[in-house]
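Colleague: coords please:
(chains A, B, C and D)
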Protein chains: 2
Amino acid sequence: MFGVFIGEHENKIDAKGRLSIPADFRRELEDGDPKWEPGKNASMLLVYGDHRRSHVEVMKITDMRDVYTKITRMPRGSIKRRDMERLYFQQALTATVDETGRIVLSARVRDKLGLDGTAMVVGNGSTFEIWKPETYAANDLSNLRDEDGYDPDLDPSVYLPGDDGDV
Amino acid sequence: MFGVFIGEHENKIDAKGRLSIPADFRRELEDGDPKWEPGKNASMLLVYGDHRRSHVEVMKITDMRDVYTKITRMPRGSIKRRDMERLYFQQALTATVDETGRIVLSARVRDKLGLDGTAMVVGNGSTFEIWKPETYAANDLSNLRDEDGYDPDLDPSVYLPGDDGDV
DNA sequence: TTGCTTCCCACAAAGTCCCATGCGATCCCT
DNA sequence: AGGGATCGCATGGGACTTTGTGGGAAGCAA
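Modeller: Predicted coordinates for the structure are as follows:
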C-alpha cells in the first residue's frame, strides 16, 4: 500500500507446498513487476542463499533488475562479484502467484528451511521474508546480544537516529 | 489542529474490532498522508512491537517514510538495523480509517494488548498511542520513578527545557 | 503406471462496505 | 437570549466481498 512490505503473517503450507502470499504483499509485487497488468499474476524472485541463511528473501522484479545492474558494474571475476552472482543468480529462483494468490515452494526449499505445516511471511521494507515460525521466533534476541553495548531489554526505537543525525 | 496529537480519548471496540479514531486525530493523519485528498480516508502505521511494548504506537505515513530512509542508511545486516526492521516493518501493520472514521484492530493485536471492550487513544505529540485503559492507568507514574532523579510527585512541566536551552 | 505439477472449483472465516441511530455541540432565526 | 434545526461524531448492525485454505481433475514427465 505504501511501497513497502509491512507486517507478520503466519500462513499454512499444504501437502503440495503451496503458500498464500498475503494480499497486500501481492499488490506490492504486482506494482514491482514490469510485465504485470490487471488480471495477470505477479512474479517475484526468491533468494534462498546458502547454509548461512535460514530464511528466504523475496524481492520484487524491479529490485532484482537493480541488483543485476549493480552486479554487472562490479569488477569481473572479483570475489565479491562472484559471491553476489552466486547469491542472486544461483541460490535463487523465480515464482509467480497462482489464481488463488499462492506460490509453490519446492521440496528443496521447504527442506532447507525445515518448513512443515506453517510459514511466517514477514514484511521487511523493500523485501519480505519467509521463515519457519520457530526459527523466526528464536531469531529475536537470543543470539544477538553484546554487540557494542547492545541492550536486549531496551526498546529498539532508541536506536533511531535523531533528526540531527546523532546516536 | 496544531500538527500534534493531543488528548486522551476512551473509545469502544466492538465485536468486529473496530475502534473510532478521534476526529482531530484523523485530521492530523490526513495531513501526514501524502496520498490523501479530500473525500479519501487517511492511512497510518501501527507499531505494536514485541513483549516489551504494552501499547500500540500510531505514526503518520510521512513519519514512517522518514523512519524508512533512516533505517536504509544503517549498515545492512547490523544488529541495530535488524532491530529497527523488526520493530517498524515486522511488528507493525498499516491501517486505513473507514468511512465512519474507524480502524480495525485484528484479533492478534487486541489479544496482545488485552483489549476487550474499550481502548484509550492517547495523543503523544507527533504520534499517538492505543492502550488498554487499565494498563494505561497503571503505566502512568508507577514504573517511571528513579530514572536519573525523576520525581513522580513533581509537576512534569519542570522538565521542559527553558528558552536558554538548559536542562 | 507412478509421481509431480498446474489448473479449477468450493467454502468458511475474516474483512469491508453501506446504512442507521443517539447524542452533543453548533448554528441560525426570530 | 431562547428554541429549534442542523451538523458532526461515536457506535451498532446487516449484507456483501475478499482472503486463506482444502481438495479434485487434468496435464506432464519419468
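Colleague: if you look at stretch A:110-123, does any of it touch chain B?
Modeller: Yes - Stretch A:110-123 reaches chain B (Cβ under 8 Å from any Cβ of the partner chain) through A:Val122, A:Gly123. Placement of C-beta: from N, CA and C, glycine included.
Colleague: Show me how far that stretch is from its chain's centre.
Modeller: Computed by Cα atoms, centre = their mean, to the nearest Å, the separation of stretch A:110-123 from the middle of its chain amounts to 12 Å.
Colleague: what do you get for stretch A:76-92?
Modeller: 18 Å.
Colleague: what comes up buried for it?
Modeller: Using 16 or more other Cβ atoms under 10 Å in any protein chain shown as the test for burial, stretch A:76-92 gives A:Arg81, A:Met84, A:Leu87, A:Tyr88, A:Ala92.
Colleague: What about those residues, which are in helices?
Modeller: Under the assignment DSSP state H, the buried residues of stretch A:76-92 contribute A:Arg81, A:Met84 to helices.
Colleague: helix/strand/coil for the one residue sitting closest to the centre of chain A?
Modeller: By Cα atoms, centre = their mean, chain A has its centre lying nearest to A:Glu57, at 2.3 Å. Put simply, A:Glu57 is strand when judged by DSSP: H, G, I helix; E, B strand; the rest coil.
Colleague: what number of residues lie near the residue nearest to A:Lys60 when sequence neighbours are not counted?
Modeller: The shortest distance from A:Lys60 to any non-neighbouring residue, by Cβ to Cβ, 6 or more residues apart in numbering or on different chains, is to A:Gly32 (2.8 Å). For A:Gly32, the neighbour count with other Cβ atoms under 10 Å in any protein chain shown is 20.
Colleague: any idea of the pLDDT on A:Gly32?
Modeller: The per-residue pLDDT reported for A:Gly32 equals 93.
Colleague: circling back: between the buried residues of stretch A:76-92, which is nearest A:His51?
Modeller: Taking Cβ to Cβ as the measure, A:Leu87 is the one of these closest to A:His51, at 12.4 Å.
Colleague: where's that closest one relative to A:Asp50, distance?
Modeller: For A:Leu87, the distance to A:Asp50 equals 8 Å [Cβ to Cβ, to the nearest Å].
Colleague: Pass me the low-pLDDT residue ranges in chain A, would you?
Modeller: A:1, A:140-167 (pLDDT under 70).
Colleague: cutoff 90 now
Modeller: Counting by pLDDT under 90, the ranges of chain A that qualify are A:1-3, A:35, A:37-40, A:49-53, A:66-91, A:108, A:116, A:138-167.
Colleague: Cool, thanks, signing off.
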